[in-house]
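[1] quick check, what structure comes out for this input:
(one chain, ligands or ions: 1)
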Amino acid sequence: MYRFEIGDILVLRKQHPCGSKKWEIWKIGMDIGIRCLGCDRKIRILRTKLEKQVKMNQTEENERKV
Ligand SMILES: [Zn+2]
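    Numbers count the residues shown, from 1 in each chain. Purely as a prediction, here's the structure:
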């Protein structure tokens, strides 16, 4: 079970056609809005679907680096 927050950077299992696997969360509601960090495309995905797609949440790691 994942806890999603706006601004989280997620690494998904599937690669986007642009070659990136990283997405940033921009909306949380009934579904989750994510933005591809490779091509800036915004999509919405059901939370249950997204949970299956997530390989890693990089947010904590990024915060430590900053
Ligand atoms: Zn993309």
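[2] partners of the residue lying closest to I34 once chain neighbours are set aside in the sheet?
    Closest residue to I34 apart from its sequence neighbours, by CB to CB, 6 or more residues apart in numbering: W23 at 4.0 Å. C-beta: built from backbone N, CA, C; applies to glycine. In this entry, W23 is beta-bridged to L10, C36, by DSSP bridges.
[3] I'd say W23 and K14 touch.
    No. The criterion here is CB atoms under 8 Å, and W23 misses it with K14 at 10.5 Å.
[4] I figured I28 was touching D8, is that so?
    No. Contact criterion CB under 8 Å: I28 and D8 do not qualify, at 9.4 Å.
[5] who's in contact with M30?
    Shown in contact with M30 (CB atoms under 8 Å, 6 or more residues apart in numbering): R47.
[6] got it, and the one 5 residues further on?
    Residues in contact with R35, defined by CB under 8 Å, 6+ apart, are 23-26, 41-42.
[7] now for those, which pair is the farthest apart?
    Pairwise distances across these peak at 14.0 Å for I25 and R41 (criterion: CB to CB).
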